[in-house]
Every structure is written in structure tokens, then in C-alpha cells.
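A.B. asks: Have a look; sequence and predicted model below, questions after that.
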Amino acid sequence: MKSTKLRWLVAISLAFFALATAESQATPPRYGGTLRVKLRAASVSLDPRQWTPGSPASAANEKLAALVYDRLVTLDDYGRFQPALATEWTHDASSKNWQFKLRTGVHFSDGSLLAPADVATALQATLGKPFDVSAGENAVNIRSSRSAPDLLEQLASGRNFIFRSQLDGILLGTGPFFVVESIAAAPSEVNPTATKPGHLRFQANENCWSGRPFVDFVEVTLGEPALRQLFDLQIGKADVAEIAPDLVRKARQEGLHIWISAPQTLVALRFDDGLTAPAFDQLREAFWLALDRDTMANVLLQREAQPAAALLPQWLTGYAFLFESPMNLERATQLRASFPSGVAGAAQPLRLHVDTSGDLYKLMGERVAVNARQANLLVQVALPGNASASQSALSNGGLHLFAWHYDSLSPRMELEEFVKQMLQSGDLPANAGDPEQLFVQERRMLQERRILPLVFLPEFAGVRAGVRNWNPSAWGDWRLADVWLDSEEAPPAKTDAGSPRKNSSARNPGARP
């Protein structure tokens, strides 16, 4: 089954897949060694039940959870759904009732057997309404109160991992690794104003149903400064590291190999609910026309982002190109001249609260203020951590700059979560799963101009030359269980039957949650 809305994404994956295949043929696999990974997030959660949809933190959470847990199904490099913990699935004509037959002989990392009840309990917690998940005989049944033709997309992405919760709160997984060490970030003993990075250590699961991973350990460092991560890549102290968008050009100039995903994050503006009077309709339109998205993407972000006129990216829906983001300063200035004197942005500044921390978002907020002033709109930027400015923004009404990370391969679920989190509205209409109806719903939201998209950001990672079979999906799964290290610390591959990792090009590429 190939999803047409993922064609562009699949084309990118195929390009990476071809390169990785050629590389793996030239370099024999090697087992052993420690893969050193550096992430910008200062902390992570490996409990999918605690993740907030759309949160930028969910990107790091999902990458690390993919080391420990499996999913029922996965999506391969050709856009086809592949078996993982489920080997077969069926549904009725309405796509409301689904049944998934489970793989037998799968064990958790502690050696206990995976049971249908484990799968049902985990999915009920992550899928939530409108789904009802129950255990059958070597199967799970998923029923929905509405048609769910996109259920496979949901199960192959986001937080829908399979896990078992122990009495002590520890979660067990059936994936290629398990956690053996976890050290949270803490104040430095030398400099209390500085923070020591956090650390996680994952060990290979020798009895993983999909085969033993190539490396023995994955060591993850959390919360190191972006420049330090880049430096560690250059001197060989890191194998894989996230790269901040504003450092990508520098990383390329240093000769580092840079991987780029499809757009994974939307940076946008949101007006407070209190700004609903007719005069504020003109305010929102004036902002819409004053924003210079091209300059933000091409100058401020050095061509490492895409101007955004939609809420969902082109690769996810296939229709984002139909939305326009016209910039018309003359019209924006005319609208500003017609404002009543009491409107925020005219006689008094409109508070722009930057909800996401980091230098990048601070620069984005300042750029929005510059664009606004070009149309004679008054804006005062309030940064995270500025309690007085933040409180003022909330009490007087204002504008918020936020980042939304795309978690799901289902555009309907992604838009529905966006509506719930950002607009505090209910579910989308039952027919919103149809692409035409989804387009209608998104267009309606954009026409209200409560949300003003700015740019789409991809993810960037630097990869050391000694990392082999690096074949991430374009939608952000790093597939670390499939890589090996071409270094002296990694011994030649084992040849005893049953222990080698199943090659990702042969079965379930991306099925390494």
C-alpha cells in the first residue's frame, strides 16, 4: 500500500536508501562499539503517555523511545506499511473495526512474553478517544466511533509504541535496546550557574525479535550547547549530533556530513482569544500582510527553512502549495491607519510572547517585530523567563510565537491535535479524513487568521564518517539500531546463526522503534 500524500517524502527516503545500500555493500557490517549521540534537549521522557502532541520536545522523546519500544506496523522506504509486532491486519468496509494479528514469541527486555493484553493496554493509553482497544486470542481489536482509514498511519508514527508498565513505574519494551543508565542534568559543581549535561546509556537487546543491533551501546548526551556539539563532531567525540538550523552552514563549511529531514516543525504566530473584536480582524489581516516569510527563511535562517502559508507541510497533505502568503506592506499600512485608537498595536504596543526558548525563536520574534514596525504596528517582544512581560502579555491579550512539531503521519490527526492544543477547539468533523474536506477545514482556520504560519523547519543532524548504514527516514526516525561503526573499537560482524541484525533493506526498514 502506497500513500499518495507521502510520495514526495518517499522520494527523499529512496535517495537516502540508495546511498545507504551502496555504502553497506561496500563496507561489511561490523558488530560492537558504542554509538555516541548528542541531542539539544536538556531532558527527555521515555513514557509515551506523558508526551504532549506538537511539543518540540516530542522529537527527542520519539527518537530515543524508538530504541526501546516497537510499533504494530511501520512504513518502509517505498511508502508501504510493513509488519512489526503485528503480522497481519484487516478492517471492515467502514474502517471502524480493525483486527491485528500479533507476532508470536516476542519477549520484553526482561525475558517475559508479550501478550495481547499488553498491546491493548499500551494503545488504549496512547490512541485515546475515539478508539476502544481490546485483547483477543493472539490479536488486538481496535474499534472507532468514526471511520478511521488512516489508522495505519497513526500506528506507524507518533507516540503509539507498545510497552508494559511495571508496578514500580518502569516501562519495558521489546525493541533493540534497553536503558541501563540514566543521569539527569544537574548544576555543575565547579560553576553552579552552569548545568552538567544529562546522560542516557542503552544496551543492545541480544534477544530482540528483529535481530540484535550492530552496536553494543548507544550513549546519549542531553542538553550540551549547540556549538559544543558541533565541535565534538569535528574532533571525533560524537558520532551523531543534532545541528541547530543557524549552524548548518558552518557545519557544511567544516566539511561535516549533514542529514536533513522533511519539514518537521512549524513556527507560527497565535493571537490570544481575547482579540476577537471587528477591529482585531483588521489587526490580524495587517499582520498577515506585513510578514516577510521569504526573508525569514532565506536570510534569517540561511535558506535552511521553507516559507509557510499552511498549517501542515506539503509532504504530509499534498495540497499545501494551494495556500498563498502574500506580502503587501502598502495594504497593511492602510489597514493600520484605519485602526481605532484603543487597538493594541496602534497607540499601545501589542505584546509578542515568545513561547519557545532558544536563540532561534528569539530572532524570529524580533524579525516579526521588525516586519510589524514597517507597517506602523507597535510590537513589544516578551521572551521566555521574563515573568513580568509574560504576565502582561496574558493579561492584556497579545500575540504568541510558538513551534509545533509534527508527530503523526496522519494529516487528519495532526490537524486535529493542532486544533485542540492551539485553538482549544473540539474534534474535526467526521468526514475530515477525506483530503478535500481536510483542505476545507485547514483553509477555514487560515482565513480566520488566529494562526499565522511563518516557516517550516526541517531537522538537521551531523554524522561522523565512521558511522555506516546511516539510513534515517525523511520523517525523522534515525533507525540507530541499523547502523554500525567502521572503527577499530568495533570487531568484525558475528556469524553465529540467529544473532546478526536483520538487514534494514531486506525487511522492515524503519521498524526499529
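C.D. replies: In hand now; what should we look at?
A.B. asks: check contacts around L269.
C.D. replies: F287, L291, L352, V368, L399, H400, L401, F402, I451, L452, L454 (C-beta atoms under 8 Å, 6 or more residues apart in numbering). Heads up, the C-betas are built off the backbone N, CA and C, glycines and all.
A.B. asks: Can you tell me how far the residue lying closest to L222 once chain neighbours are set aside is from G223?
C.D. replies: Nearest residue to L222 in three dimensions, chain neighbours excluded: G198, at 3.9 Å (C-beta to C-beta, 6 or more residues apart in numbering). Counting by C-beta to C-beta, to the nearest Å, the gap from G198 to G223 is 6 Å.
A.B. asks: how about F161, what does it touch?
C.D. replies: Applying C-beta under 8 Å, 6+ apart, the residues near F161 are P48, A65, A66, Y69, D70, R71, A122, T126, G173, P513.
A.B. asks: Show the pLDDT at the last one.
C.D. replies: P513 carries a pLDDT value of 28.
A.B. asks: same deal with the first one?
C.D. replies: At P48 the predicted local confidence, pLDDT, stands at 96.
A.B. asks: So it sits against I162, correct?
C.D. replies: No: contact criterion C-beta atoms under 8 Å: P48 and I162 do not qualify, at 9.6 Å.
A.B. asks: Compare the two (neighbour count), which wins?
C.D. replies: The neighbour comparison of P48 against I162 (other C-beta atoms under 10 Å) goes to I162, with 30 against 21.
A.B. asks: so where do the helices sit in the chain?
C.D. replies: Ranges of helices within the chain are 7-26, 57-65, 116-127, 151-155, 226-234, 248-253, 278-290, 293-295, 314-317, 329-337, 359-374, 387-396, 411-423, 435-448, based on DSSP state H.
A.B. asks: Deepest-packed of these, please.
C.D. replies: Comparing the helices of the chain on average neighbours per residue, with mean count of other C-beta atoms under 10 Å, the densest one is helix 151-155 at a mean of 25.
A.B. asks: Tell me the one among the contacts of L269 nearest to L256.
C.D. replies: Among the contacts of L269, L454 lies closest to L256 (C-beta to C-beta), at 27.5 Å.
A.B. asks: any weak-confidence spans in the stretch 151-300 of the chain?
C.D. replies: 192-193, 274-279 (pLDDT under 70).
A.B. asks: show me where it has strands.
C.D. replies: Secondary structure of the stretch 151-300 of the chain (DSSP state E, counting those that start in this stretch): strands at 164-165, 171-172, 177-183, 186-187, 195-196, 198-204, 217-222, 240-242, 257-260, 265-271.
A.B. asks: Format those strands as CSV; extra columns: distance to L329.
C.D. replies: Output for the strands of the stretch 151-300 of the chain, formatted as CSV (distance: least, C-beta to C-beta, whole Å):
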stretch, distance to L329
strand 164-165, 55
strand 171-172, 53
strand 177-183, 52
strand 186-187, 48
strand 195-196, 43
strand 198-204, 46
strand 217-222, 43
strand 240-242, 36
strand 257-260, 32
strand 265-271, 17
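A.B. asks: follow-up on the earlier one: and the residue nearest to L222, how many neighbours does it have?
C.D. replies: The number of residues packed near G198 is 20, by other C-beta under 10 Å.
A.B. asks: F323 now?
C.D. replies: 17.
A.B. asks: OK, contacts around it?
C.D. replies: A309, A310, E442, R443, L446.
A.B. asks: Equivalent analysis for W288, please.
C.D. replies: R449, L452.
A.B. asks: Now with 10 Å, please.
C.D. replies: Contacts for W288 were tallied using C-beta atoms under 10 Å, 6 or more residues apart in numbering; they are 269, 309, 325-328, 331-332, 335, 446, 449, 452-453.
A.B. asks: intersection of neighbour lists for P48 and I162?
C.D. replies: Contacts common to P48 and I162, judged by C-beta under 10 Å, 6+ apart, are Y69, A122, T126.
A.B. asks: ok, back up a step: out of the helices of the chain, flag the one nearest A194.
C.D. replies: Using C-beta to C-beta, these put helix 226-234 closest to A194, at 11.7 Å.
A.B. asks: what's that closest one in contact with?
C.D. replies: 36, 38-40, 197, 221, 223-225, 237-248, 250-251, 254-257, 358-360, 461-464.
A.B. asks: List buried residues within these.
C.D. replies: Among those, the ones that count as buried by 16 or more other C-beta atoms under 10 Å are 36, 38-40, 197, 221, 223-224, 238-248, 251, 256, 358, 360, 461-464.
A.B. asks: How about stretch 30-47, which residues are buried there?
C.D. replies: Going by neighbour count (16+ other C-beta under 10 Å), the buried part of stretch 30-47 is 30-42, 44-47.
A.B. asks: any idea how far that stretch is from the chain center?
C.D. replies: On the basis of C-alpha atoms, centre = their mean, to the nearest Å, stretch 30-47 sits 16 Å off its chain's mean C-alpha point.
A.B. asks: can you dump the C-alpha coordinates of that stretch into PDB?
C.D. replies: Extracted as PDB, the C-alpha positions of stretch 30-47 are listed here (Å, rounded to 0.1, in the frame of the first residue of the first chain):
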ATOM      1  CA  ARG A  30      30.600  -4.800  12.000                       C
ATOM      2  CA  TYR A  31      29.300  -5.600  15.400                       C
ATOM      3  CA  GLY A  32      30.300  -3.900  18.700                       C
ATOM      4  CA  GLY A  33      31.300  -0.500  19.900                       C
ATOM      5  CA  THR A  34      29.400   2.400  21.400                       C
ATOM      6  CA  LEU A  35      27.500   4.900  19.200                       C
ATOM      7  CA  ARG A  36      27.800   8.400  20.800                       C
ATOM      8  CA  VAL A  37      24.700  10.600  20.200                       C
ATOM      9  CA  LYS A  38      24.200  14.200  21.300                       C
ATOM     10  CA  LEU A  39      20.800  15.900  21.500                       C
ATOM     11  CA  ARG A  40      20.000  19.500  22.200                       C
ATOM     12  CA  ALA A  41      17.100  18.700  24.500                       C
ATOM     13  CA  ALA A  42      18.100  19.000  28.200                       C
ATOM     14  CA  SER A  43      15.700  16.200  29.300                       C
ATOM     15  CA  VAL A  44      13.600  13.500  27.700                       C
ATOM     16  CA  SER A  45      10.700  11.300  28.600                       C
ATOM     17  CA  LEU A  46      10.500   7.600  27.600                       C
ATOM     18  CA  ASP A  47       6.900   7.400  28.700                       C
END
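A.B. asks: start the count at 140, not 1, going forward
C.D. replies: Sure, I'll start counting at 140 from here, so that last one is stretch 169-186.
A.B. asks: circling back: E276: which of the contacts of F300 is nearest?
C.D. replies: A261 (18.3 Å).
A.B. asks: could you check the distance from that closest one over to K559?
C.D. replies: 22 Å.
A.B. asks: picking that back up, generate TSV for the helices of the chain, with distance to P352 as supplementary columns.
C.D. replies: Formatted as TSV, these follow (distance: least, C-beta to C-beta, whole Å):
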stretch	distance to P352
helix 146-165	15
helix 196-204	14
helix 255-266	22
helix 290-294	23
helix 365-373	22
helix 387-392	27
helix 417-429	48
helix 432-434	42
helix 453-456	28
helix 468-476	54
helix 498-513	33
helix 526-535	44
helix 550-562	30
helix 574-587	38
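A.B. asks: ok, of the ones you listed, where does mean pLDDT dip lowest?
C.D. replies: Looking at the helices of the chain, the bottom one is helix 526-535 with a mean of 41.
A.B. asks: What count of nearby residues applies to V493?
C.D. replies: Count around V493 with other C-beta under 10 Å applied: 27.
A.B. asks: any idea how far stretch 384-403 is from the chain center?
C.D. replies: 17 Å.
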